[in-house]
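Engineer: Output the structure for:
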Amino acid sequence: MSFQVALWIELLAAGLGGLQGALFAAGERHRRIDVLGVIVIGLAVSLGGSLLRDIVLDRPPVVVWENWYLLVAGASAVLGMALQPLLARADLLITVLDAVVMGLFGAIGASKALSLGVGAVGAVVVGVVGAIGGGMLRDVIMGLPISFLHVGTLYAVAAGAGAATLVLLTGLGTPTPVAGVVCLVVTASVRLSAVVFGWTFPEQRAVRPRGSHRSG
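Structural biologist: Predicted coordinates:
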């Protein structure tokens with residue numbers, strides 16, 4: 001498979017990631033994050049997925065080798081920080097951007113893996129890593145519960161569904177760009193549906209051994 005992800009697609013994902021990350025961080029006013037902190041978090045969301053993906057694939061990180069990547073990510077983070085005060089109720093926008101960014105990075109990761117000869121299962125894993133990497137790095141920096149491990153988010157499920165759809169469609173002969181768009185739609189749809197309809201996995205609970213309940 002000789003398909004190569006166009007640089008503009010990578011830059012689009014980076015730009016939206018930086019915007020979403022900065023909007024998210026700027027909205028966390030109770031944490032008193034300064035201007036530099038907001039930009040750093042925007043960069044983390046923008047660059048985290050690509051960086052982890054390329055490490056897993058043992059490839060030179062695109063965020064280092066392409067000059068435009070850091071420039072676009074940084075500019076988008078600054079833009080997000082500037083726009084946040086104008087968006088008094090930005091929660092919905094942040095959630096939608098988050099879902100779209102996940103879909104973009106998932107599609108890029110899975111298609112890159114396939115182009116390098118990675119097997120179907122491995123390509124799905126790489127797609128998931130690319131999709132959730134930025135959000136995971138954001139949560140670590142901000143000291144928040146890791147999103148994809150948190151009850152009610154279905155981050156990994158959405159990313160996995162999208163990446164698996166891309167791998168399946170390309171295996172059936174669908175052009176990779178078309179499969180990538182479908183991957184984005186599936187990922188975003190599952191993620192947003194989980195938010196709107198409250199879809200969750202059952203919460204893990206400790207199992208009590210028999211005989212632990214004793215009458216007084």
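Engineer: what about the helices in this protein?
Structural biologist: Here the chain has its helices, by DSSP state H, at 7-27, 35-56, 62-65, 67-83, 91-115, 120-142, 155-171, 176-197.
Engineer: Of all those helices, which one is nearest Phe148?
Structural biologist: When the helices of the chain are compared by Cβ to Cβ, helix 155-171 sits nearest Phe148, at 3.7 Å. All C-beta spots, glycine's among them, are computed from the backbone N, C-alpha and C.
Engineer: Let me have the helices of the chain in TSV, extended by mean neighbour count, distance to Phe148 and mean pLDDT.
Structural biologist: Converted to TSV, these look like this (neighbours: other Cβ atoms under 10 Å; distance: least, Cβ to Cβ, whole Å; pLDDT from 0 to 100):
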stretch	mean neighbour count	distance to Phe148	mean pLDDT
helix 7-27	24	15	86
helix 35-56	23	12	88
helix 62-65	16	21	84
helix 67-83	19	21	87
helix 91-115	25	10	91
helix 120-142	23	5	92
helix 155-171	23	4	94
helix 176-197	19	11	93
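Engineer: where's Gly127 relative to Thr170, distance?
Structural biologist: Distance, Gly127 to Thr170, using Cβ to Cβ, to the nearest Å: 12 Å.
Engineer: what do you get for Val195?
Structural biologist: Taking Cβ to Cβ, one finds Val195 at 28 Å from Thr170.
Engineer: Leu12 contacts Phe105, doesn't it?
Structural biologist: No. Counting by Cβ atoms under 8 Å, Leu12 does not reach Phe105; the two are 10.5 Å apart.
Engineer: Please name the residues that touch Ala75.
Structural biologist: Counting by Cβ atoms under 8 Å, 6 or more residues apart in numbering, Ala75 touches Gly15, Gly18.
Engineer: how close does it get to Ala107?
Structural biologist: For Ala75 relative to Ala107 (Cβ to Cβ), the value is 23 Å.
Engineer: Now Asp91. Nearest residue, chain neighbours left out?
Structural biologist: Nearest residue to Asp91 in three dimensions, chain neighbours excluded: Gly27, at 7.7 Å (Cβ to Cβ, 6 or more residues apart in numbering).
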